[in-house]
Every structure is written in C-alpha cells, then in structure tokens.
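*Asks:* missing the sequence, but the structure's below:
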C-alpha cells in the first residue's frame, strides 16, 4: 500500500480564498483523522471519521472549517475563507480502529498570506 | 478524561549518550500507550506501543519504553543515540476499553549533538 496520501503538499494562498486539502487513507482503514500542527499550539485533532461518518468535530476551530468524507477512500478539509492564522501543517491519518496505530500522511503545508 | 504530559519540550544529548524522554498519563482505567516520532518535514510514525503483557516494550531504531502503572508513566529510552535520532517524539494514550480517540502529548524535541 502507498500509505496515506495527501495533496497538495504545499499550498500558498491569499487571505479570503478558499482552500481544499485532500486525503486518501490506507485501504481498509475505517478511521480517518485530520490534525493541524503549529509551533504555538502543537498537534491538534480537528475531526475524525468512522466509516465515513464524522464522530468528533470538537476540534474544528470555527465555522470556516469543514470536512467531508464522501467515500471510504477520500476526504477533504476545506477552509473558507482562509485567514493568515490558518497557516500550519495539516496532517491526515488513518487507522483500523480508533485506538490503534495511526498512519500519518506527509502533510500539507499551508501558508495564508 | 484521559491526558498525557510530556514535561520536557526539548532534550539535548550528545551522540552515543543514553537518553530518556518522559511521559506521564492520567487515567483511572486501563490504557493503551504509544510513542510516535516525527522527523523534520514528515508525518508522525509509530515507534512502539503498549497494549498489554510485558511492561517493557521494544520498538524500532533501538528504542524501548517501560509501562509503569503505579507511576502512570511510559518513558522512552535509548542506550546510545545517533545523529539520525534528531526528531520530535510524541507520547499518546487512549483507553483500552470502549470507544476512544487517541490523545497526543505536546511533544519532546530530541537534539543529538555531534
């Protein structure tokens, strides 16, 4: 398996623009997680899905953030409108079970100017 | 609620010296414990995990950790570090029963000095 795939790897955008981050989990994994990592706040869990259904979105910072998982092999994290404080590395991870080993993607480095 | 504490944000150590990265957790029930490593510009990857059984867990790259229930700790150790071990290390915990997400610590940056 190719592991967790994220795209794009880097994104530079201007404040106010819509940003869409994409993730393809490992085939057969029932859980998908979105994290944000910054120097100031460390690693934060934003939302996670089980069998394509959002289970816990308490970490989503505000209404500008939304996440979807239309099928078992694809998820998106959207920021609309984007702000400079959204600049961070966004990771997607997947696992067989919620409390099992998580496999992380390489991350998307987002810079909002 | 479960939580995990990594008191040391940075740990400098000379090459070939031993190192211990500390992790303490709070939970009133049985737990699963993990250590992940993040190399520069990469995602996290699993070093080792404790689910049950022997309290001494061996992982990749010569790392090991010991689960100590009475002290609620899961410290990571390596007897001799290499330059390539320079990375950030995250401890994580979850409940062993029920339906719980994994909670990550704030990370410890290990800097190996030549």
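*Replies:* That came in fine, so what should we check first? Note that the structure is a prediction, hence the values are computed from the model and not measured.
*Asks:* just for chain A, where's the confidence low?
*Replies:* Chain A contains residues with pLDDT under 70 at A:1.
*Asks:* near chain B, which residues of it show up?
*Replies:* Taking Cβ under 8 Å from any Cβ of the partner chain as the contact definition, chain A meets chain B at A:4, A:33, A:42-43, A:45, A:48, A:56, A:91, A:93, A:98-99, A:101-107. Just so you know, the C-beta spots here come from the backbone N, C-alpha and C atoms, and that holds for glycine as well.
*Asks:* Around chain A, pick out the residues from chain B.
*Replies:* B:32, B:34, B:36, B:42-46, B:49, B:90, B:94-96, B:99-102, B:104, B:106-107.
*Asks:* rerun that using 7 Å as the cut-off
*Replies:* Selection of chain B residues close to chain A by Cβ under 7 Å from any Cβ of the partner chain yields B:32, B:42-46, B:49, B:90, B:94, B:99-102, B:104, B:106-107.
*Asks:* circling back to that earlier point, just the buried members of the residues of chain A next to chain B?
*Replies:* Using 16 or more other Cβ atoms under 10 Å in any protein chain shown as the burial test, these include A:4, A:33, A:42-43, A:45, A:48, A:91, A:93, A:98-99, A:101-107 as buried.
*Asks:* Residue B:38: how many residues sit nearby?
*Replies:* Residue B:38: 20 surrounding residues under other Cβ atoms under 10 Å in any protein chain shown.
*Asks:* for it, what are its contacts?
*Replies:* Residue B:38 is in contact with B:44, B:87-88, B:90, counting by Cβ atoms under 7 Å, 6 or more residues apart in numbering or on different chains.
*Asks:* returning to that earlier point: tell me which of the residues of chain B next to chain A is nearest to chain A?
*Replies:* residue B:43 (3.2 Å; Cβ to the nearest Cβ).
*Asks:* Please name the nearest non-neighbouring residue to the closest one.
*Replies:* For residue B:43, ignoring the flanking residues on the chain, the nearest one in space by Cβ to Cβ, 6 or more residues apart in numbering or on different chains is residue A:104 at 3.2 Å.
*Asks:* Can you tell me how far that neighbour is from residue B:7?
*Replies:* 24 Å (Cβ to Cβ, to the nearest Å).
*Asks:* And residue B:41, by the same measure?
*Replies:* Separation of residue B:41 from residue B:7 (Cβ to Cβ): 26 Å.
*Asks:* and residue 108, what is it in contact with?
*Replies:* With no chain named, the answer covers chain A. Contacts of residue A:108 (Cβ under 7 Å, 6+ apart): A:6, A:8-9, A:11, A:21, A:89-90.
*Asks:* You answered for a different chain; I wanted chain B.
*Replies:* Applying Cβ under 7 Å, 6+ apart, the residues contacting residue B:108 are B:6, B:8-9, B:11, B:21, B:88-89.
*Asks:* So what pairs up with it in the strands?
*Replies:* Applying DSSP bridges to residue B:108 gives these bridge partners: residue B:89.
*Asks:* What distance do you get for it to chain A?
*Replies:* As judged by Cβ to the nearest Cβ, to the nearest Å, residue B:108 and chain A stand 11 Å apart.
*Asks:* For that residue, give me the pLDDT.
*Replies:* On the pLDDT scale, residue B:108 is placed at 97.
*Asks:* Quick check: bridge partners of whatever residue of chain A ends up closest to chain B?
*Replies:* Nearest residue of chain A to chain B, counting by Cβ to the nearest Cβ: residue A:104, 3.2 Å away. Per DSSP bridges, the residues bridged to residue A:104 are residue A:93.
*Asks:* you'd agree residue A:109 is up against residue A:91?
*Replies:* No - Residue A:109 is beyond contact range of residue A:91, at 10.4 Å (criterion: Cβ atoms under 7 Å).
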